[in-house]
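Trainee: This is the structure alone, sequence omitted:
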């Protein structure tokens, strides 16, 4: 493709001065529709914040609720990736002995010890 000579005039990127009336109307309509949706989203975001505040005042952990909502929104591929990452973290923690300090880790160790001590 031949390059344009530097002295050739060309419209700047994003220059809409050459739009005809129908295209300008379409552009205005698109901008309006986006603006309306942005306003609706702002209202919905405020409603969601209000619900989390209500949950917190009722004694629920808002961070845990946010995590539950985030996980429920994930598609199967995202869930699979998260579960694989968690499995790797658990394996590393077990290798480092990091689970032995937790109540669940202590219970697992006690159960494993009991299973090893019980003859089959």
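Mentor: All right, it came through fine. Quick caveat, the model's predicted, so the values are computed rather than measured.
Trainee: domain ranges for this structure?
Mentor: Following automatic domain parsing, one gets these domains for the chain: 19-73, 76-120.
Trainee: Quickly, which of those bottoms out on average pLDDT?
Mentor: Least confident of those, judged by mean pLDDT, is domain 76-120 with a mean of 80.
Trainee: Tell me how many other residues crowd residue 86.
Mentor: By the criterion of other C-beta atoms under 10 Å, residue 86 has 10 neighbours. C-beta here means a position set from N, CA and C on the backbone, and glycine is covered the same way.
Trainee: One more: the one 10 residues further on?
Mentor: By other C-beta under 10 Å, 9 other residues sit near residue 96.
Trainee: Ok, the one 10 residues further on next?
Mentor: The burial count assigned to residue 106 is 12, neighbours taken as other C-beta under 10 Å.
Trainee: Setting aside sequence neighbours, what's the nearest residue to it?
Mentor: Closest residue to residue 106 apart from its sequence neighbours, by C-beta to C-beta, 6 or more residues apart in numbering: residue 100 at 6.7 Å.
Trainee: what's the longest helix seen in the chain packed up against?
Mentor: Determined from DSSP state H, the single longest helix within the chain is helix 21-57. Using 3 or more C-beta pairs under 8 Å, 6 or more residues apart in numbering; DSSP states H and E as the contact criterion, the elements in contact with helix 21-57 are helix 62-73.
Trainee: ok, and what's touching the helix it packs on?
Mentor: 52, 53, 55, 56, 79, 82 (C-beta atoms under 8 Å, 6 or more residues apart in numbering).
Trainee: Cheers, nothing more for now.
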